[in-house]
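Novice: With the input below, show me the fold.
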Amino acid sequence: MHQNKKSIQKLYTGLQNLDAEMMLSCYHPEATFEDPIFKLDSKDEIAGMWGMLCNGAREFEMSFKVLEADDKSGSAQIEAYYLFSSTGRKVHNVINANFLFKDGLIIRHHDRFDFYRWCRQALGFSGIVLGWSPFLQKKVQQQARKNLEGYRSKSISK
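Specialist: You can find the predicted model right below:
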C-alpha cells in the first residue's frame, strides 16, 4: 500500500476515534485546509479546527474510503453523522476530500460537500430558506472562525 494512502487512512482513523493529535501528525508543517466553512492557512489553525471538532463531537459516527493515492496526491470519500453543536440537529454529511502531499505528509487538504444540503440539516428552517445564499455561507464561515479563535485562545491559555 502506498505511504500516502496510509496517511489518509491514519487521518480518518484518527477522526473516527476523535483523536485530533493522531490526525495532526498526518499534516506537513506548511499545511493548509479548505472546505465550504473553513479556510485555514496554517497547521496551527488546522490543529485548532480538529481539536474543536473532536472535543465538541456528539453522537458522532463516520466511515471513509480512500479512493486513490500516489506520490503527489490522493482522494477519499467520507460520510459523517453527528449532532450539529449550535442547534442539536442531526447532520449526515457526504464529503469528497482531495489531498496534495509533500515529504510524505498532507500539505493541501480540500474538502467539498453540498453546503445547501448541510445547511438544511444543520440549521433547519433558516438553512432551508437561506442555505443557498452567499450571505448565509459567509455568516456560517464567520461564526466558525469566531468559534475556532475562541477554542484556540482557551487551548493556548491552558
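
Novice: buried ones in the strand with the most length in the chain?
Specialist: Ranked by number of residues, the top strand in the chain under DSSP state E is strand 90-102. Within strand 90-102, the residues scored as buried using 16 or more other CB atoms under 10 Å are Val91, Asn93, Ile95, Ala97, Phe99, Leu100, Phe101. (Glycine included, C-beta is placed from N, CA and C.)

Novice: avg pLDDT for that strand?
Specialist: Mean pLDDT, strand 90-102: 98.

Novice: what distance separates that strand from the centre of its chain?
Specialist: Distance of strand 90-102 from the chain centroid (CA atoms, centre = their mean, to the nearest Å) equals 7 Å.

Novice: How about stretch 54-72?
Specialist: Put simply, stretch 54-72 sits 9 Å off its chain's centre (CA atoms, centre = their mean).

Novice: List the contacts of Ile95.
Specialist: Ile95 makes contact with Asp35, Gln77, Ile78, Glu79, Ala80, Asp111, Arg112, Phe113 under the criterion CB atoms under 8 Å, 6 or more residues apart in numbering.

Novice: of all the buried residues of strand 90-102, which two lie farthest apart?
Specialist: The span of the buried residues of strand 90-102, defined through CB to CB, is set by Val91 and Phe101 at 29.1 Å.

Novice: so what pLDDT did Ile156 get?
Specialist: Note for Ile156: predicted pLDDT of 69.

Novice: Where do the helices of this structure begin and end?
Specialist: 3-16, 20-24, 43-56, 115-123, 125-130, 134-157 (DSSP state H).

Novice: just the buried members of the contacts of Ile95?
Specialist: Asp35, Ile78, Ala80, Asp111, Phe113.
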